[in-house]
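Trainee: can you look at this prediction? I've put the sequence above it.
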Amino acid sequence: MRAIRDRFVGYRWASSDRNGTIVRMKVLDARAGRVVTNFSAFTGASIVRSQAGYRITDVVLRSSGEMAWAAVPPAGLGREGGPVGGARRSAHVAASPDIEPGSVAMSRAYVYWRQAGSPMSASLP
């Protein structure tokens, strides 16, 4: 899953070895030709190396390069909302089996999503 906005491309990146798979969310500044954001896609991703079954369901990218996403873990592990991040910041704002795919949106200062049918929001750090 990826998102393109102005000069930025947000995308999921995975790396696997004999110890498992690490999934990261990255933002490429196409004009500068470099990655400006590189976040762990899931809570504890720097510790847990078994993320191959996770799916990214939402990627939202602002014209400033800030990104939000949501993720679904493998069956039986519930559902986790992904961190919210930008070129210089990231924060995990929600984790719930009830976060609705396709519901993530961003404004200048907030990220929005639907959880169990109710609208939710959190301010960006």
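Mentor: It's in. Quick caveat: nothing in here was measured; it's all calculated off a predicted structure.
Trainee: would you confirm that Ala116 contacts Ser103?
Mentor: No. Shown here, Ala116 and Ser103 do not form a contact pair, counting by CB atoms under 8 Å, at 11.0 Å. Glycine gets a C-beta too; all of them are placed from N, C-alpha and C.
Trainee: what about those two, which has more around it?
Mentor: A direct count of neighbours by other CB atoms under 10 Å for Ala116 and Ser103 places Ser103 higher, at 16 against 10.
Trainee: dump the residue contacts of the residue nearest to the more buried one when sequence neighbours are not counted.
Mentor: Spatial nearest neighbour of Ser103, chain neighbours left out: Arg114 (3.8 Å); criterion: CB to CB, 6 or more residues apart in numbering. By CB atoms under 8 Å, 6 or more residues apart in numbering, Arg114 lies in contact with Ile99, Glu100, Ser103, Met120.
Trainee: quick check: the gap between Thr57 and Ala109.
Mentor: 23 Å (CB to CB, to the nearest Å).
Trainee: tell me the two of the contacts of Arg114 that are most distant?
Mentor: Using CB to CB, these span at most 9.8 Å, a distance reached by Glu100 and Met120.
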